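Q: Show me how the following folds:
(one chain, ligands or ions: 2)
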Amino acid sequence: MLVQIPQVLGKAGVARCRAIIDAAPWVDGNATSGVQSAQAKRNLQLPEGSPAAREAGDLILDALGANPLFIAAALPLKVFPPLFNRYAGGQRFGNHIDNAIRQLRGTDFRIRSDLSATLFLTDPADYDGGELCIEDTYGTQRVKLAAGDMVLYPASSLHRVEPVTRGARVASFFWIQSTVRSDEDRALLLQLDQAIQSLALQQGQAAAEVVALTGVYHNLIRRWAEL
Ligand SMILES: O=C(O)CCC(=O)C(=O)O
Ligand SMILES: [Fe+2]
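A: Ligands and ions are numbered 1, 2, ... in the order given. Down below sits the predicted model:
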């Protein structure tokens, strides 16, 4: 399931994030790749754990913690500290699947990547190309979102970033370990959650059906959650 989360960062948040990262030193993106993806990857990244990546990453983590759609869609257990990339002058990242386990360099913080996320930090009018193309059961989804918007997709998906042929594409990317490992189960929970929200708007939070379905929602999580 692909989920678009609009305006994780507003205009001011995007501007702050960009001011922090644009002033920092960038390095060859292959510093963080596995052997297979290194062959396909041409971009720049902020070094993992660098002061700018941490400061801008914390801004994103705070915004995600207050975003109900992110929480309902990802059911996050652990979020990898956000990384940052920049593609320009024809740079791209060919087809690959992200590593299953990510460890934060120099620490024992580890996650299983259930979900991958890209938070766009450049206005789409400012660059050509750079679509994030994700293969899913319904075909290839080409994703290019407004600055501040984010896409969440199963980390098991084959995906690529198309060459950037004008301007520069700056984004944040990271992974989430979910309390609910299965993408299908998580998709059902999101559908149920959204149906309950709209029923609650019509009937009120205290309506018997809303209370009963909220119970079903939590009882399904109780069945499926791994902590
Ligand atoms: O920049 C993106 O949208 C995704 C980057 C990516 O696929 C990766 O770094 O593994
Ligand atoms: Fe990737």
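Q: Mind naming the longest strand for this protein?
A: strand 168-178 (DSSP state E).
Q: got the contact list for the nearest residue to Leu121 once chain neighbours are set aside?
A: Excluding its sequence neighbours, the residue lying closest to Leu121 (C-beta to C-beta, 6 or more residues apart in numbering) is Val170, at 4.6 Å. C-beta here means a position set from N, CA and C on the backbone, and glycine is covered the same way. The neighbours of Val170, taking C-beta atoms under 8 Å, 6 or more residues apart in numbering as the test, are 18, 21-22, 84-86, 121-122.
Q: Closest to Ser113 out of these?
A: Top of the list for closeness to Ser113, among these and by C-beta to C-beta, is Asn85 at 16.1 Å.
Q: Can you tell me the element that closest one falls in?
A: Element membership for Asn85 (DSSP states H and E) is strand 83-88.
Q: touching ligand 1 at all, whichever helix or strand comes after that strand?
A: Per DSSP H and E, strand 83-88 leads on to strand 93-96 as the next helix or strand towards the C-terminus. Yes: with C-beta under 6 Å from any ligand atom as the threshold, strand 93-96 lies in contact with ligand 1, specifically through Phe93.
Q: what about stretch 116-135, how long is it end to end?
A: In stretch 116-135, first residue to last residue: 13 Å (C-alpha to C-alpha, to the nearest Å).
Q: Now do that stretch, average pLDDT.
A: The pLDDT scores in stretch 116-135 average 98.
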